[in-house]
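[1] can you look at this prediction? I've put the sequence above it.
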Amino acid sequence: MTRNRHRDSPILWQLAIKLLFISLLFGGIPGLAPVEAALASDQGCRITDIRFWQSPEEAQIVIDLSAPPQVTPLGTLTDGTVFFDIEKCVFRPGRQRYPLNNPFIQTLNVQARSDGSVRVYFRTGPGVTQRTFVLPRNEAKPDRVVIFLTEPAQNQLARRQQEQLEINRLKAGNVKIVVLDAGHGGEDPGTRGGGIIEKDYVLAMARLIKNVFDRDPRYRAILTRNGDYIIPLERRRQMAEQLGADVFVSIHVNYNRARHIQGIEVYYESPKGAVGEADRLVAELENQQDLVGGVGQTAAPPVAAKQDIVKKQAEIMYRSGQLAGRVEARLAQAVPGLGSRGVRRAGFKVLHSLAMPSILVELGYVSNPVDASFLRNPSAQLRLAQAVYQGVVDFLESQVQPGLDASYVEYVSQVEAARRAQEERARQARLRRQAMLARSQPYTVQKGDTIPKIVNRFKVGKSQFLELNQFSPNRKLKVGEVVRIPGK
Ligand SMILES: [Zn+2]
């Protein structure tokens, strides 16, 4: 069924290349030589790992630490090498050299010093800008020092221009552009199970799907990432929009603690996610209005702008639903035994685009042994790739009539109605309180007064008293404070 050996086992190739890369890069990493016993955090920290990630535009060196570090300001040597010290820090003895030698960074040396600090030296490539910062630990990651490197601005500009020329050429030739987004990457491995690490697996699958598309001259598939690095979710969508993509397909695999759950799923934007995005876009518009100096300077007032956004969303969501249906239909048939859990909706950030139909494909559950064995199987991989291709072709080649996502339109009108009802209740409450205030009298709190005593003495309702004074039920009164007593 497959055409050559290379395509038979893309995942294995990917793994082999990656392992080679890591061992070339860092010698001992992962699997650092054991360091001295861990120190308590108030005594300092130790370096537990050093990692390097690179995308075409950026690179990162991430230094993992056992405790929050104290980092000195950057210094510069005469040859342009930059350095900083991590104080009270433990690392392997001697100077560790990492000959990275790529456009971002030429050398990285890490040296344990006799004063108990660790000095980190690095020399960036020509025109590369660097930012070095400390990140606190979170549920997934330890304390870190990150050296963040950005390529020279003119390189980025040149690449964008090159890209744009290519896109213009493709569009002129009526070639349709399919953006394939391998989920996760770099510091974010995604899920894992059944011998599969999501970020590596979905990259290999995205490449496989791209190969299938690129054999068809009507299409050009472009990957959001073509290596092991992280891209922010919003940026993935923006990349597709800048490329003028006809469709956007994000590739993932799934995990569930309930191991019996299995099957593929195809997602598109949910009404709830879209409403949140519409609010965000309107807020953004209003902020822009503030920036240009006040009301009346943008084309559309917020209400009309919101209606426009909702209409555009409903149109795109309709098309996304059509795309999701066609891809799901193909995937459900692709591998007998790898069932489908159908088309679903969720408010995933990568699916918010107003520019192109967008779907997110979960190719199966790595937590399920049956799914995992299919996912590892090269001929099943190829069938899945061909099914994604077929589903997208079914969508792009059939003349899908324009339509509106009915459930979204319905949901928006419900949300708007609830909002109006809420506003009306608030307005009524304000009016009621104004009327009560007009009929009320002031009273100065005396020593020994409590709310129950006051409402008893004046023979007024407690809830009325609380509402008039905007007090919570357990509010304590202060002597000398002036409260309002409801009129009869
Ligand atoms: Zn994922």
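    Perfect, thanks for sending it. Numbers count the residues shown, from 1 in each chain.
[2] how about the helices in the stretch 351-488 of the chain?
    Remark: helices assigned in the stretch 351-488 of the chain by DSSP state H, counting those that start in this stretch are 369-376, 378-397, 406-439, 451-458, 462-469.
[3] so which bits of the third one are buried?
    The one in question is helix 406-439. Buried positions in helix 406-439, judged by neighbour count with 16 or more other CB atoms under 10 Å: 408-409, 411-412, 433, 436. C-betas here are computed from N, CA, C, even on glycine.
[4] cool, and the second one?
    For helix 378-397, burial by neighbour count (16+ other CB under 10 Å) applies to 378, 380-396.
[5] mind listing residues that contact stretch 399-415?
    The contact list for stretch 399-415 (CB atoms under 8 Å, 6 or more residues apart in numbering) reads 271-272, 274-275, 278, 310-311, 313-315, 317-319, 321-322.
[6] most neighbours among those residues, please name it.
    Greatest neighbour count in those, by other CB atoms under 10 Å, goes to Met317: 29 neighbours.
[7] so how far is Tyr318 from the residue nearest to that residue when sequence neighbours are not counted?
    In space, and not counting its chain neighbours, Met317 is closest to Asp405: 3.8 Å by CB to CB, 6 or more residues apart in numbering. Separation of Asp405 from Tyr318 (CB to CB, to the nearest Å): 5 Å.
[8] ok, Ser440 next?
    Noted for Ser440: a distance of 55 Å to Tyr318, by CB to CB.
[9] just to revisit the earlier point, looking at the helices of the stretch 351-488 of the chain, spot the one closest to the ion.
    Shortest distance between the ion and the helices of the stretch 351-488 of the chain, using CB to the ion, is found for helix 369-376: 13.1 Å.
[10] now do the closest one: which elements does it pack against?
    Packing partners of helix 369-376 (3 or more CB pairs under 8 Å, 6 or more residues apart in numbering; DSSP states H and E): strand 196-197, strand 358-365.
[11] and the angle from that helix to helix 378-397?
    In terms of direction (axes from the mean of the first three to the mean of the last three CA atoms, to 10 degrees), helix 369-376 departs from helix 378-397 by 80 degrees.
[12] buried sites along helix 369-376?
    Buried, per 16+ other CB under 10 Å, within helix 369-376: 370-372, 374-376.
[13] surely Arg92 and Val118 touch.
    No. With contact defined as CB atoms under 8 Å, Arg92 does not reach Val118; the gap is 9.5 Å.
[14] what touches both of these two?
    Contact criterion CB under 8 Å, 6+ apart; residues shared by Arg92 and Val118: Ala112.
[15] looking at those two, which one has more neighbours?
    Between Arg92 and Val118, counting by other CB under 10 Å, Val118 is the more crowded of the two (26 against 18).
[16] now do the contacts for that one.
    If you count contacts by CB under 8 Å, 6+ apart, Val118 has them with 47, 85-86, 89-91, 110-112.
[17] pick the one among these closest to Pro99.
    Lowest distance from Pro99 to the contacts of Val118 (CB to CB) belongs to Val110, with 12.7 Å.
[18] who does the closest one bridge with?
    Per DSSP bridges, the residues bridged to Val110 are Gln96, Val120.
[19] what's the local residue count around it?
    22.
[20] read off the pLDDT value for it.
    Looking at Val110, its pLDDT stands at 94.
[21] return the distance of it relative to the ion.
    For Val110, the distance to the ion (CB to the ion, to the nearest Å) stands at 33 Å.
[22] tell me the contacts of that residue?
    For Val110, the contact set (CB under 8 Å, 6+ apart) comprises 47, 50, 63, 91, 95-96, 98, 118-121.
[23] so can I have JSON lines of the residues you listed showing distance to Ile177 and pLDDT?
    Listed next are the contacts of Val110 as JSON lines, based on distance: CB to CB, whole Å; pLDDT from 0 to 100:
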{"residue": "Ile47", "distance to Ile177": "44", "pLDDT": "93"}
{"residue": "Ile50", "distance to Ile177": "38", "pLDDT": "92"}
{"residue": "Ile63", "distance to Ile177": "39", "pLDDT": "94"}
{"residue": "Phe91", "distance to Ile177": "47", "pLDDT": "90"}
{"residue": "Arg95", "distance to Ile177": "48", "pLDDT": "81"}
{"residue": "Gln96", "distance to Ile177": "44", "pLDDT": "84"}
{"residue": "Tyr98", "distance to Ile177": "38", "pLDDT": "84"}
{"residue": "Val118", "distance to Ile177": "47", "pLDDT": "94"}
{"residue": "Arg119", "distance to Ile177": "48", "pLDDT": "94"}
{"residue": "Val120", "distance to Ile177": "42", "pLDDT": "95"}
{"residue": "Tyr121", "distance to Ile177": "43", "pLDDT": "93"}
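[24] taking these together, which two end up most distant?
    With CB to CB as the measure, no two of the contacts of Val110 lie farther apart than Ile63 and Arg95, at 15.4 Å.
[25] tell me which of the two has more neighbours.
    Ranked by neighbour count (other CB under 10 Å), Ile63 and Arg95 place Ile63 first, with 26 against 12.
[26] quick check: that one touching Ile47?
    Yes. Between Ile63 and Ile47 a contact is recorded at 5.9 Å, counting by CB under 8 Å.
[27] and this protein, which residues reach the ion?
    183, 190, 252 (CB under 5 Å from the ion).
[28] so Tyr443 touches Val482, yeah?
    Yes. Contact criterion CB under 8 Å: Tyr443 and Val482 qualify, at 7.0 Å.
[29] quick one: which of the two has more around it?
    Shown here are Tyr443 and Val482; by other CB under 10 Å, Tyr443 has more neighbours (15 against 9).
[30] can you pull the pLDDT of the residue nearest to that one when sequence neighbours are not counted?
    Once flanking residues are discounted, Tyr443 sits nearest to Ile485: 5.0 Å by CB to CB, 6+ apart. Ile485 carries a pLDDT value of 94.
[31] swap in Ser407?
    pLDDT for Ser407: 92.
[32] now do Lys18, the pLDDT please.
    pLDDT for Lys18: 42.
[33] how close does whichever residue of the stretch 1-150 of the chain sits closest to the ion sit to Lys349?
    Using CB to the ion, Ala140 is the residue of the stretch 1-150 of the chain that sits closest to the ion, at 14.0 Å. The gap separating Ala140 from Lys349 is 18 Å, by CB to CB.
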